[in-house]
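Asker: I would like the atomic coordinates for the input below:
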Amino acid sequence: MKRLFAVLASIFIAASAYGLTNSTLIDFSISGNADNLQSEEGDTNELITAQQSLYNDNWVVWLNDSARLTENRRNSYVTNTDSKGNNGTWEEGKVLGIRVHFPIAAWNSYALVKPAYELEMYGGAEGTKYTEGKGVIHNVGEIRSISSWVYGRNYLISYFVNLQNELGELKSYPMGNVYFSGWRQLKWENREYLPNVRDRILVREPLYPKLMPSVKIDSIGFYRTKDTRGGDFIAYVKDITVEHDLAVVDFEEDIDDEGTWQLLKTENERRQAIEAARVREVTELRDLEQRRMGEQQQQQNTEEEQAQ
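Answerer: Sure, this is the predicted structure:
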């Protein structure tokens, strides 16, 4: 954990333009390549690999309760899709292809596209299992904007990005609709963001111990109103980036607080244990249900997934 928490020995700053940075939360060209999702060296207690959670083909579509009819659930899924690179905007590679089968009836409904398993905020031996474009960003101060490249197919459907912070608080960010054809970068902007430090209320914060402010991807959402045509909906997502202040700016300190007290290490291990218990519970339930279905049904499911 030393690499993750070394920065926490620094001064905590409310925010300033000095610390503004642009971080990739999730890049589906990374999660679409299994070679990028290998386990960290030294991580011997891994219950769920990054590939099991994050590989594009493993993401799942959850419909709201009134829309979760058998036909809709069967015909709502994701696939690892090739992109030619949007005329050189990025290199050729993978993106996340999404199919949602909304109710035909005139109902308000939505779909959440999520990793197969909830991502661990502090996963891995160094707490960085899902950083660097794999779903988690550490050291996040005030968010200025969120951007996402989306390939639309002229559906009047609203698009949301749902993030969870280090305290488990969930927040939804409206990105606009996907009523267009081709690639477009959708953007949410924080109207409360003050770019001039002189306009901000500045306070001193206790420096230690303080958990690293972080965010992780909970899901991406698509909302359909009752006035919009139901049935199949198709979209593709390339990435999600977050423009944010740094919560912590690293200065060299005379005394190593964490090396002396190890309070952050203890708290992080406690949170890791909670996350591991949650993952273990989900894994056991899925394994039990799969055994109930039997090997023949499992083989049939595998063949259907390969056919898709």
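
Asker: any chance you could map the strands in the stretch 1-150 of the chain?
Answerer: 11-12, 21-27, 60-63, 77-83, 93-102, 109-114, 136-138, 143-153 (DSSP state E, counting those that start in this stretch).

Asker: Can you say which of the ones you listed is nearest to Ile217?
Answerer: If you check each of the strands of the stretch 1-150 of the chain against Ile217 by Cβ to Cβ, strand 21-27 wins as the nearest, at 5.2 Å. In short, each C-beta sits where N, CA and C put it, glycine included.

Asker: what's the closest one in contact with?
Answerer: 132-137, 140, 163, 215, 217, 238-246 (Cβ atoms under 8 Å, 6 or more residues apart in numbering).

Asker: roughly how far out does that strand sit from the chain middle?
Answerer: 10 Å (Cα atoms, centre = their mean, to the nearest Å).

Asker: how big is the angle separating it from strand 93-102?
Answerer: 70 degrees (axes from the mean of the first three to the mean of the last three Cα atoms, to 10 degrees).

Asker: Sort out which residues of strand 21-27 are buried, please.
Answerer: 23-27 (16 or more other Cβ atoms under 10 Å).

Asker: Next, count neighbours for Ile201.
Answerer: 6 (other Cβ atoms under 10 Å).

Asker: for the stretch 151-300 of the chain, what spans make up the strands?
Answerer: All strands of the stretch 151-300 of the chain, identified by DSSP E, counting those that start in this stretch, fall at 158-165, 170-177, 181-189, 214-224, 231-244, 248-249.

Asker: Report the buried residues of the third one.
Answerer: Under the neighbour-count criterion of 16+ other Cβ under 10 Å, strand 181-189 has 183, 186, 188 buried.

Asker: Of the strands of the stretch 151-300 of the chain, flag the one that's most buried.
Answerer: Of all these, strand 214-224 carries the top mean neighbour count, a mean of 22, counting by mean count of other Cβ atoms under 10 Å.

Asker: quick one: Glu91 and Ile98, what's the gap?
Answerer: For Glu91, the distance to Ile98 (Cβ to Cβ, to the nearest Å) stands at 21 Å.

Asker: Comparing those two, which residue is more hemmed in?
Answerer: Neighbours were counted for Glu91 and for Ile98 using other Cβ under 10 Å; Ile98 has more, 23 against 9.

Asker: So what pairs up with that one in the strands?
Answerer: Val78, Ala235 (DSSP bridges).

Asker: Can you give me every residue that contacts it?
Answerer: Counting by Cβ under 8 Å, 6+ apart, Ile98 touches 61, 78, 113, 222, 233-237.

Asker: Next, work out how far apart it and Ile104 are.
Answerer: Taken as Cβ to Cβ, the span from Ile98 to Ile104 is 19 Å.

Asker: circling back: please convert the buried residues of strand 21-27 to CSV, extending it with distance to Arg280 and pLDDT.
Answerer: Listed next are those as CSV, based on distance: Cβ to Cβ, whole Å; pLDDT from 0 to 100:
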residue, distance to Arg280, pLDDT
Ser23, 30, 95
Thr24, 29, 97
Leu25, 26, 97
Ile26, 24, 97
Asp27, 28, 97
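
Asker: Please convert those to JSON lines, extending it with distance to Glu258.
Answerer: Formatted as JSON lines, those follow (distance: Cβ to Cβ, whole Å):
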{"residue": "Ser23", "distance to Glu258": "23"}
{"residue": "Thr24", "distance to Glu258": "27"}
{"residue": "Leu25", "distance to Glu258": "26"}
{"residue": "Ile26", "distance to Glu258": "29"}
{"residue": "Asp27", "distance to Glu258": "30"}
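
Asker: Scan the protein for its longest helix.
Answerer: Of all segments of type helix in the chain, defined using DSSP state H, the longest is helix 263-307.
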